[in-house]
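Student: Return a 3D structure for these sequence lines:
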Amino acid sequence: MVAAAISVALMGCADREERADVGYDDGYAVGYNTACQIRATLVEGDFKNEAYAEAYARGQSDGIVACQADRDAGKVQ
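Tutor: Have a look, this model is predicted:
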């Protein structure tokens, strides 16, 4: 019984972590591509999922910072 409960709890954490990973990657791509004016970016857009939405916002900010760093280094115009 205890093992089953732990297993279910761990699966829930894995799903949250997976959604956060996808959200971060989507947000980073949008932030970078938009700031560097590269192209439009398709994303899953699962904003009803809290883990996805929070990670998306962090990723977008990080993507913008990365674009600015690459622009300063002359890697992008």
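Student: Skipping adjacent residues, who's closest to Cys36 in space?
Tutor: Cys67 (4.2 Å; Cβ to Cβ, 6 or more residues apart in numbering). Every residue, glycine included, has its C-beta placed from N, CA and C.
Student: Then Gly27?
Tutor: Gly59 (2.9 Å).
Student: what about the residue nearest the centre of the chain, which SS state?
Tutor: For the chain, the residue nearest the mean C-alpha position is Tyr24 (0.9 Å; Cα atoms, centre = their mean). Secondary structure, DSSP: H, G, I helix; E, B strand; the rest coil: Tyr24 is helix.
Student: before we move on, the earlier item: could you give the number of residues near the residue nearest to Cys36?
Tutor: Other residues within reach of Cys67, judged by other Cβ atoms under 10 Å, total 21.
Student: Tell me if I'm right that it and Tyr32 touch.
Tutor: Yes: the criterion here is Cβ atoms under 8 Å, and Cys67 meets it with Tyr32 at 4.8 Å.
Student: Spit out the contact partners of the residue nearest to the centre of the chain.
Tutor: 55-56, 58-59, 62 (Cβ atoms under 8 Å, 6 or more residues apart in numbering).
Student: Dump those to JSON lines, plus distance to Arg39, pLDDT and secondary structure.
Tutor: Formatted as JSON lines, the contacts of Tyr24 follow (distance: Cβ to Cβ, whole Å; pLDDT from 0 to 100; DSSP: H, G, I helix; E, B strand; the rest coil):
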{"residue": "Ala55", "distance to Arg39": "22", "pLDDT": "98", "secondary structure": "helix"}
{"residue": "Tyr56", "distance to Arg39": "18", "pLDDT": "98", "secondary structure": "helix"}
{"residue": "Arg58", "distance to Arg39": "22", "pLDDT": "98", "secondary structure": "helix"}
{"residue": "Gly59", "distance to Arg39": "17", "pLDDT": "98", "secondary structure": "helix"}
{"residue": "Asp62", "distance to Arg39": "19", "pLDDT": "98", "secondary structure": "helix"}
